[in-house]
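Participant: Fold the following.
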Amino acid sequence: MSVLYHYYSENMILRINIGVEEIDKLYIHEEIVEEILGKLVKAFSKTSLQMHPIIVDENTNVILDGMHRWSALKNLGYKYIVCAFIDYHNPLIKVKNWYRIYQSISSGKILNIKSLLKSFDIVYGEEKPDFSDKRLVSAIYVKGRYMKIYSNKPMSSPNAYKVVSFIDEYVLKSGGRIKYVPSGQRDWNEEIVLVTPSISKNDVIRSALSRNIYPPKSTRHIIPIRPLYLNIPLKFLSKNFRGNKRLRNKFLNKFLYHKDVYSVLGKTYIDRFYEEDYLYLYF
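Facilitator: Below you'll find the predicted structure:
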């Protein structure tokens with residue numbers, strides 16, 4: 001594998017190992033969106049490169065970022081994919097969640113959702129939701145107070161987010177729109193906001209390995225550095241390329257050795273917005 005180190009301080013180092021892994025040995029933690037998958041399958045069908053590596057936990061093979069690219073290459077029959085392996089439990093890596101701001105839908109329609117949640121207890125109040133109570137699935141902030149949704153027994157994190165997904169679908173079918181904002185954001189004024197429970201790293205790993213995965217747009221991983229533009233030939237990842245994983249990693253090391261690597265400040269637009277602190281560009 002090719003190794004990349006980023007030094008924050010003497011005691012804070014983030015290591016990334018870039019290598020290949022068999023597609024069937026990796027685990028996703030969120031459901032695949034068919035529309036996104038279809039676009040990526042078309043894109044990979046027209047190109048000869050995997051531009052960026054996906055981000056994977058080195059200890060469990062759980063994919064943290066790049067699940068749709070993994071699914072696209074799997075659909076196209078590739079055997080391997082290029083990964084940036086990280087230690088997920090490094091404290092520099094964070095997992096957050098997304099709140100939802102519901103737009104173009106009346107507060108009355110939102111409050112009516114209680115009729116579709118008959119197996120849940122609905123509690124109204126001005127107090128902020130306390131998600132240490134594992135029966136609390138989510139809370140909708142509307143008209144200056146919270147509509148808290150409780151199950152009759154503690155729910156697993158992925159199952160709680162399936163209720164969140166149900167509410168999202170109700171909003172969309174009612175003609176509303178959804179704006180996703182980082183968890184903890186509190187500048188929504190009088191808007192209608194779905195407040196979601198926090199997600200832990202162990203929640204993510206358990207979800208992936210048990211295959212009881214989250215709905216789309218549940219987790220938000222904050223990884224402070226990201227390698228980009230490796231531009232690995234797809235033929236090297238195909239079943240027809242002769243060589244096992246060790247030989248393919250040897251080829252990858254040689255391929256990347258001849259590239260120049262530039263560290264640039266993140267939180268910038270390139271082909272999209274990257275919120276990482278630093279980007280490592282391969283040319």
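
Participant: Please list all residues in contact with Leu231.
Facilitator: Check again: residue 231 is Asn, not Leu. Leu49, Gln50, Met51, Tyr282 (CB atoms under 8 Å, 6 or more residues apart in numbering). Using the backbone N, CA and C atoms, a C-beta is placed for each residue, glycine as well.

Participant: Who wins on neighbours among those residues?
Facilitator: Gln50 (24 neighbours; other CB atoms under 10 Å).

Participant: can I get the contacts of Asn231 in JSON lines with pLDDT and secondary structure?
Facilitator: Putting these into JSON lines (pLDDT from 0 to 100; DSSP: H, G, I helix; E, B strand; the rest coil) gives the following:
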{"residue": "Leu49", "pLDDT": "97", "secondary structure": "strand"}
{"residue": "Gln50", "pLDDT": "97", "secondary structure": "strand"}
{"residue": "Met51", "pLDDT": "96", "secondary structure": "coil"}
{"residue": "Tyr282", "pLDDT": "96", "secondary structure": "strand"}
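
Participant: Please work out the average pLDDT along stretch 206-217.
Facilitator: The pLDDT scores in stretch 206-217 average 97.

Participant: can you tell me the helix or strand for Tyr170?
Facilitator: Tyr170 is part of helix 157-173, with elements assigned from DSSP states H and E.

Participant: Report the buried residues of the helix or strand just after that helix.
Facilitator: As assigned by DSSP H and E, the chain's next helix or strand after helix 157-173 is strand 177-182. Taking 16 or more other CB atoms under 10 Å as the neighbour-count basis, strand 177-182 is seen to contain the buried residues Ile178.

Participant: the inter-axis angle of strand 177-182 versus helix 157-173?
Facilitator: 140 degrees (axes from the mean of the first three to the mean of the last three CA atoms, to 10 degrees).

Participant: Sheet-wise, list the partners of the helix or strand following strand 177-182 with their directions.
Facilitator: Using DSSP H and E, the next helix or strand after strand 177-182 towards the C-terminus is strand 192-195. Note on strand 192-195: by DSSP bridges, its sheet partners are strand 94-103 (antiparallel), strand 136-142 (antiparallel).

Participant: what residues does the shortest one touch?
Facilitator: Outside strand 136-142, the residues within contact range by CB under 8 Å, 6+ apart are 107, 110-111, 113, 120, 129-130, 146-151, 155, 160, 163-164, 167, 188, 191-197.

Participant: same thing but 6 Å
Facilitator: Contacting residues not belonging to strand 136-142 are listed as 107, 110, 129, 146-151, 160, 163-164, 192-196 [CB atoms under 6 Å, 6 or more residues apart in numbering].

Participant: what do you get for stretch 253-273?
Facilitator: In this structure, residues lying in contact with stretch 253-273 by CB under 6 Å, 6+ apart are Ser2, Tyr274, Glu275, Glu276, Asp277, Tyr278, Leu279, Tyr280, Leu281, Tyr282, Phe283.

Participant: hey, C-alpha coordinates of it in PDB?
Facilitator: The C-alpha trace of stretch 253-273 is given here as PDB (Å, rounded to 0.1, in the frame of the first residue of the first chain):
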ATOM      1  CA  ASN A 253       2.400   1.700  -5.400                       C
ATOM      2  CA  LYS A 254       4.500   2.000  -8.500                       C
ATOM      3  CA  PHE A 255       1.800   3.900 -10.300                       C
ATOM      4  CA  LEU A 256       1.400   6.500  -7.400                       C
ATOM      5  CA  TYR A 257       5.200   6.700  -6.900                       C
ATOM      6  CA  HIS A 258       5.600   8.500 -10.200                       C
ATOM      7  CA  LYS A 259       3.000  11.100  -9.300                       C
ATOM      8  CA  ASP A 260       3.600  14.400  -7.600                       C
ATOM      9  CA  VAL A 261       1.500  15.000  -4.400                       C
ATOM     10  CA  TYR A 262       0.500  18.500  -3.400                       C
ATOM     11  CA  SER A 263      -1.100  19.400  -0.100                       C
ATOM     12  CA  VAL A 264      -3.600  22.300  -0.300                       C
ATOM     13  CA  LEU A 265      -6.000  23.900   2.100                       C
ATOM     14  CA  GLY A 266      -9.400  22.500   2.000                       C
ATOM     15  CA  LYS A 267     -12.900  24.000   2.500                       C
ATOM     16  CA  THR A 268     -12.900  24.900  -1.100                       C
ATOM     17  CA  TYR A 269     -14.500  24.200  -4.400                       C
ATOM     18  CA  ILE A 270     -12.800  22.000  -7.000                       C
ATOM     19  CA  ASP A 271     -15.300  19.700  -8.800                       C
ATOM     20  CA  ARG A 272     -17.500  20.200  -5.700                       C
ATOM     21  CA  PHE A 273     -17.200  21.700  -2.300                       C
END
